[in-house]
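Q: what follows is a predicted protein model with its sequence.
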Amino acid sequence: MTKAKKVEIYTILGCPYCQKAKDLLQQLKIPFEERDLTTHPDRRAFTNEILPGHKSVPLVLIDGKPIGGFSELKELHAKGKLEPMVFGEAC
């Protein structure tokens, strides 16, 4: 089996879309590292620096490449592209 690429998710406490993104990853058995920005002094600037124009959480990265938030994650899955992106399978 191919080793999964590193998946990171930036979140804040109490964010429903953060929870939905984590739930989807867990449902798909995609391992991820959560980065809690709850107490970050300027998380909007932080996420915007990673992905210009993205000023909210969650923010999901796969192998360091930002893919967006929950909507983008859900769309990738719906199109059958998320798992191949993470596990390196042919698209």
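A: Sure, I can see it. Numbers count the residues shown, from 1 in each chain.
Q: could you pull out the strands for this structure?
A: Chain-ordered strands for the chain, with DSSP state E as the definition, fall at 7-11, 33-36, 59-62, 65-68.
Q: now these as a markdown table including mean pLDDT, mean neighbour count and distance to Glu75?
A: No exception for glycine: its C-beta is placed from N, CA and C like everyone else's. A markdown table is the format used below for the strands of the chain (pLDDT from 0 to 100; neighbours: other Cβ atoms under 10 Å; distance: least, Cβ to Cβ, whole Å):
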| stretch | mean pLDDT | mean neighbour count | distance to Glu75 |
| --- | --- | --- | --- |
| strand 7-11 | 98 | 21 | 16 |
| strand 33-36 | 98 | 14 | 21 |
| strand 59-62 | 98 | 23 | 12 |
| strand 65-68 | 96 | 16 | 9 |
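Q: how far off centre is the longest helix along the chain?
A: What stands out as the longest helix in the chain, according to DSSP state H, is helix 16-27. Taking Cα atoms, centre = their mean, to the nearest Å, one finds helix 16-27 lying 9 Å from the centre of the chain it belongs to.
Q: Lys5 contacts Ile62, correct?
A: Yes. With contacts counted by Cβ atoms under 8 Å, Lys5 reaches Ile62, the gap being 5.5 Å.
Q: give the residues shared as contacts by these two.
A: 85-86 (Cβ atoms under 8 Å, 6 or more residues apart in numbering).
Q: now the strands of the chain as CSV including distance to Gln26?
A: Output for those, formatted as CSV (distance: least, Cβ to Cβ, whole Å):
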stretch, distance to Gln26
strand 7-11, 11
strand 33-36, 11
strand 59-62, 13
strand 65-68, 17
